[in-house]
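*Asks:* Sharing a sequence plus its predicted fold:
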Amino acid sequence: MAVEVTAGLTLEQENQLVELLGKIKQPWSRQFYNAIAPHVALTAIETVFLRAGPSGGLKSEVLLHKRPETDIPEWRGRSASPGSMLRATDHSYEDAVRRVKRELGGARLRYRAEPVASIFNMTERGPENGIVLACELVDEPPPSFWWHSVYTLPYDLLRHHYGFLEAILVWYNLEFNDRNLNESL
């Protein structure tokens, strides 16, 4: 009976990799994450923040920021909504939302604990399942974040973030009321 070996590896290399993977703890470095991501489907917690535009009324502005220069080359410096990858050490979505809150300088926020959507994407980094959460900021975001009209999105918005924003806008237009955003951090 032939021994099954992962494509591209010798049996010895596969055994070494399996042994090393058994030693991995969280959190992962960005370099390690970006090396693993194309080979497995990971889960992203996509926190989409909306607010009313200058004239009030419907939610018409989305919170964006630029991806860090340490990200994969295709995403460096591009516009995106905030979010965090779900980690093996997380006990709930709230753990990922707390990481986003830290990224937002500790700004208070409200979010809907039940996801608005789950969207699978084949991204430049690899396969990802985006769990989309509707969020609102109570405080102002730090200067590295800005509000942008949902009607004129920036040309460099990450391709897969359009689907997250669309899901949130449909949800807000069909179901929104203040009781839906019931979790606070």
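*Replies:* Sure thing, it's come through.
*Asks:* Pretty sure residue 67 sits against residue 81.
*Replies:* No: here residue 67 does not reach residue 81: they are 10.7 Å apart, not a contact under C-beta atoms under 8 Å. Heads up, the C-betas are built off the backbone N, CA and C, glycines and all.
*Asks:* Neighbour count: those two, which is higher?
*Replies:* The residue with more neighbours, out of residue 67 and residue 81, is residue 81; 24 against 16, by other C-beta atoms under 10 Å.
*Asks:* Before we go further, residue 169 is sitting in a helix, right?
*Replies:* Yes: assessed by DSSP: H, G, I helix; E, B strand; the rest coil, residue 169 belongs to a helix.
*Asks:* Skipping its backbone neighbours, what lies nearest it in space?
*Replies:* residue 150 (6.5 Å; C-beta to C-beta, 6 or more residues apart in numbering).
*Asks:* how near is the one you found to residue 52?
*Replies:* Using C-beta to C-beta, to the nearest Å, residue 150 is found at 11 Å from residue 52.
*Asks:* For this protein, which segments count as helices?
*Replies:* For the chain, the helices defined by DSSP state H cover 11-21, 30-36, 93-103, 161-175.
*Asks:* Show residues contacting the longest one.
*Replies:* Residues from elsewhere that reach helix 161-175 (C-beta atoms under 8 Å, 6 or more residues apart in numbering): 46, 48, 50, 58-59, 62, 80-81, 116-117, 119, 121, 130, 132, 134, 150, 153.
*Asks:* tell me the mean pLDDT over that helix?
*Replies:* What helix 161-175 shows for mean pLDDT is 86.
*Asks:* What residues of it count as buried?
*Replies:* Applying a neighbour-count criterion of 16 or more other C-beta atoms under 10 Å, one finds 161, 163-165, 167-169, 171-172 buried in helix 161-175.
*Asks:* same question, the shortest one
*Replies:* Counting neighbours by 16+ other C-beta under 10 Å, one finds that the buried residues in helix 30-36 are residue 34.
*Asks:* So, low pLDDT: which residues of the protein?
*Replies:* Regions of the chain meeting the criterion pLDDT under 70 cover residues 1-2, 174-185.
*Asks:* Lovely, talk soon.
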